[in-house]
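1. Any chance you can model this:
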Amino acid sequence: FQRNLLQSIPADLPFANAWPSLFLSPKGQESDLHIDSFASHFWMAMIEGEKEWTFFDPSEIGYLYPSGEVFDVNVRNPNYEQTPLFQYATRRKCTLKKGELLFVPSGCPHHVYTTAASVAISSNYVDHTNYADAVRAFQQEAVDSQETQKLLRELEKAIAEDGEQHALN
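-> Residues are numbered from 1 along each chain as shown. Below you'll find the predicted structure:
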């Protein structure tokens, strides 16, 4: 993976020490259908157990009944009377097993169901491939938050340093 620009920000700012994360999940735990915050990419490495992942193409968000970063549909037990467009959304599934690594690109709607008790490590991240989208997401929050404004300035410094490093190579 590319360098995570979030790891370049000072420890006193939001998200500086948020990742990596350790996920301890009992069998049967599931997430809402969602998109990860601030246009971040995501990876997960499965240490033990299994998780079933369901992905939807971002172009089909209109079928998913968006409500912010989550969606008002039940992926595992859909009610097509309440959410009739959901039946037209194309699902892609995979099972993440012990020893495997999964990448979720920025903006990809996904649902996760733990099929066997699991231990995993993961991280959301921002690099040069999703930097512009992440900045737009943070800018929406920055209107009311001085901390987020500081975070944006630090991300700008980090991307400029990355550009200098790439120019030297």
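
2. Now do the helices in this protein.
-> With DSSP state H applied, the chain shows helices at 131-142, 146-168, listed in chain order.

3. which one of the ones you listed is the most hemmed in?
-> Comparing the helices of the chain by mean neighbour count (mean count of other Cβ atoms under 10 Å), helix 131-142 ranks first with a mean of 16. (Each C-beta comes from the backbone N, C-alpha and C, glycine too.)

4. So what's the model's average confidence on that helix?
-> Averaging pLDDT along helix 131-142 yields 83.

5. What is it packed up against?
-> When contacts are defined as 3 or more Cβ pairs under 8 Å, 6 or more residues apart in numbering; DSSP states H and E, helix 131-142 packs onto helix 146-168.

6. contact partners of the helix it packs on?
-> 3, 5-6, 8-10, 13-15, 126, 128, 131, 134-135, 138-139, 141-142 (Cβ atoms under 8 Å, 6 or more residues apart in numbering).

7. got it, and stretch 44-58?
-> So stretch 44-58 is contacted by 23, 25, 33, 63-64, 75, 89-102, 104, 107-122 (Cβ under 8 Å, 6+ apart).

8. And the residues you listed, which of them are buried?
-> The neighbour count (16 or more other Cβ atoms under 10 Å) marks 23, 25, 33, 63-64, 75, 89, 96, 102, 104, 108-116, 118, 120, 122 as buried among the contacts of stretch 44-58.

9. Enumerate every residue touching the spatially most central residue of the chain.
-> With distances taken as Cα atoms, centre = their mean, the chain has Asp36 as the residue nearest its mean C-alpha position (3.1 Å). By Cβ under 8 Å, 6+ apart, the contact list for Asp36 reads 42, 69, 104, 106, 124.
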